[in-house]
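> what would the 3D arrangement of this be:
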Amino acid sequence: MVDFESLRVNDFDVEDLFIKQGWKRYFDMLNGPIYSRLVKEFWMKAQVYDELSARLEEEVLVRKDPSLQGKSREEMGLSIFNGTVIKSVLAGVEITISRAHLAKLLGIEDNGQKISEYKNETYYRQNIKKELYDAEKIAGKANSMKDLYVVLFKVLISNIIPRSGGTDTISWEHQHFLYFLQKEKKINLVDILFGYLCQAVRESFEKNVATVIYPRL
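Residues are numbered from 1 along each chain as shown. Reported below is the predicted structural model:
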């Protein structure tokens with residue numbers, strides 16, 4: 001939840017940056033209700049169905065019936081694999097969440113800069129240091145950024161990118177996010193949200209503890 005009006009009163013008029021990205025519906029949802037029981041049930045049964053899952057599914061059938069070796073998924077009686085999805089069960093009904101579902105829900109397109117690809121990318125780094133910091137030598141310290149970017153970073157980690165631990169350091173991916181946001185360069189929000197959803201579901205499965213993120217979505 002972001003109180004853009006309070007930020008505006010304190011001379012940080014940043015809402016327009018997010019509106020220009022087409023994310024108004026997303027931020028409106030952050031002020032909506034949370035259906036705790038349904039969210040809990042979803043996360044308890046959620047799993048990521050990816051390319052590896054699809055391949056293992058095929059291998060299980062081939063072991064049971066070797067004559068299926070070399071057959072297509074359709075010939076095996078399986079649905080076509082169209083990309084990674086998140087599956088769960090709510091009230092006995094199978095629920096599937098894909099990137100396309102998120103895009104439709106938020107009224108945005110699944111395109112733009114994929115922040116996850118900028119961990120080792122160096123093309124923008126010099127410009128980022130000059131834009132985000134008063135002195136390049138302090139780059140990488142969140143609290144050393146210019147005030148505007150400190151505020152934007154807090155909005156980012158509180159509402160878009162889940163994060164644990166301290167907030168003093170900032171990754172190159174997140175610095176790219178702030179830079180692209182300020183420069184009005186299109187950011188792929190679907191890629192961010194779906195990527196972190198898959199990560200959280202996998203962690204929940206591995207640790208046997210539900211790591212709930214984006215409960216209002």
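> in stretch 4-23, what's buried?
By neighbour count with 16 or more other Cβ atoms under 10 Å, stretch 4-23 contains the buried residues 4, 7, 12, 14, 15, 17, 18, 21, 22, 23. The way it works is simple: take the backbone N, C-alpha and C, and place the C-beta from them, glycine included.
> what's the first-to-last distance across it?
For stretch 4-23, the first-to-last residue distance is 13 Å (Cα to Cα, to the nearest Å).
> now that stretch: average pLDDT?
Stretch 4-23 shows a mean pLDDT of 97.
> re the thing from before, rebuild the buried residues of stretch 4-23 as CSV, extending it with secondary structure and distance to residue 56.
Output for the buried residues of stretch 4-23, formatted as CSV (DSSP: H, G, I helix; E, B strand; the rest coil; distance: Cβ to Cβ, whole Å):
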residue, secondary structure, distance to residue 56
4, helix, 46
7, helix, 47
12, coil, 49
14, coil, 45
15, helix, 45
17, helix, 43
18, helix, 40
21, coil, 37
22, coil, 37
23, coil, 36
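> export those to CSV and tack on distance to residue 63?
Shown next, in CSV, are the buried residues of stretch 4-23 (distance: Cβ to Cβ, whole Å):
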residue, distance to residue 63
4, 56
7, 58
12, 59
14, 55
15, 56
17, 53
18, 50
21, 48
22, 47
23, 46
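> return the closest of those with respect to residue 128.
Closest approach to residue 128 among these (Cβ to Cβ): residue 17, at 16.1 Å.
> burial count for the closest residue to that closest one other than its chain neighbours?
Closest residue to residue 17 apart from its sequence neighbours, by Cβ to Cβ, 6 or more residues apart in numbering: residue 181 at 5.4 Å. Counted with other Cβ atoms under 10 Å, residues neighbouring residue 181 total 20.
> pLDDT weak spots in this protein?
Applying pLDDT under 70 to the chain flags the ranges 164-167.
> mind listing the strands for it?
47-49, 85-90, 93-97 (DSSP state E).
> would you mark the buried spots in the longest one?
Applying a neighbour-count criterion of 16+ other Cβ under 10 Å, the buried positions in strand 85-90 are 85, 86, 88.
> list just the nearest of the residues you listed to residue 193.
Proximity of those to residue 193 (Cβ to Cβ) peaks at residue 86, which lies at 11.1 Å.
> touching, that closest one and residue 201? I think so.
Yes. Using Cβ atoms under 8 Å, residue 86 is in contact with residue 201, at 5.8 Å.
> overlap of the contact sets of the two?
Counting by Cβ atoms under 8 Å, 6 or more residues apart in numbering, the residues touching both residue 86 and residue 201 are 46, 47, 48.
> residues contacting the last one?
When you say that, I think you mean residue 48. By Cβ under 8 Å, 6+ apart, the neighbours of residue 48 are 84, 85, 86, 87, 198, 201, 202, 205.
> let's have these in TSV, adding distance to residue 67.
TSV is the format used below for the contacts of residue 48 (distance: Cβ to Cβ, whole Å):
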residue	distance to residue 67
84	29
85	29
86	32
87	28
198	34
201	34
202	34
205	33
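> cool, thanks, talk later.
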